[in-house]
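Asks: 3D, please:
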Amino acid sequence: FRHESCGKCTPCREGTSWLYKILTRIEQGRGVSGDLDLLLSLSGEISGKDLCALGDFATSPVLATVKQYRDEYEQHINTGKCPFEPW
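Replies: Here you go, the predicted structure:
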């Protein structure tokens with residue numbers, strides 16, 4: 001979604017970049033304890049505050065996965081690795 005933003009509105013342009021940065025940090029094992037709350041807060045600042053539906057679409061997977069798999073996100077952040085990888 002970050003690459004699809006036209007750049008006309010700040011919530012989408014900046015917000016999708018921040019979502020990407022935070023999710024990448026978590027995936028690389030450098031997540032911190034406040035990242036999930038930051039993702040949810042940031043999603044709230046994007047959704048419904050943009051010129052088109054792209055921002056809403058960008059936040060949907062973040063909101064859904066944090067809601068459904070918060071424990072797995074927390075394990076990933078706390079251990080610095082994917083909880084489902086055997087190594």
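Asks: Do a quick rundown of the helices in this protein.
Replies: Taking DSSP state H as the test, the helices found in the chain are 10-27, 35-46, 54-79.
Asks: Residue 85 is nearest to which of those helices?
Replies: Nearest to residue 85 among the helices of the chain is helix 54-79 (9.9 Å), distances taken as C-beta to C-beta. (Glycine included, C-beta is placed from N, CA and C.)
Asks: Run through this structure and note the low-pLDDT ranges.
Replies: Within the chain, the segments meeting pLDDT under 70 span 3, 86-87.
Asks: now do 80
Replies: Within the chain, the segments meeting pLDDT under 80 span 1-7, 83-87.
Asks: Quick test: name the residue nearest the centre of it.
Replies: Closest to where the C-alpha atoms of the chain average out (C-alpha atoms, centre = their mean) is residue 19, at 3.9 Å.
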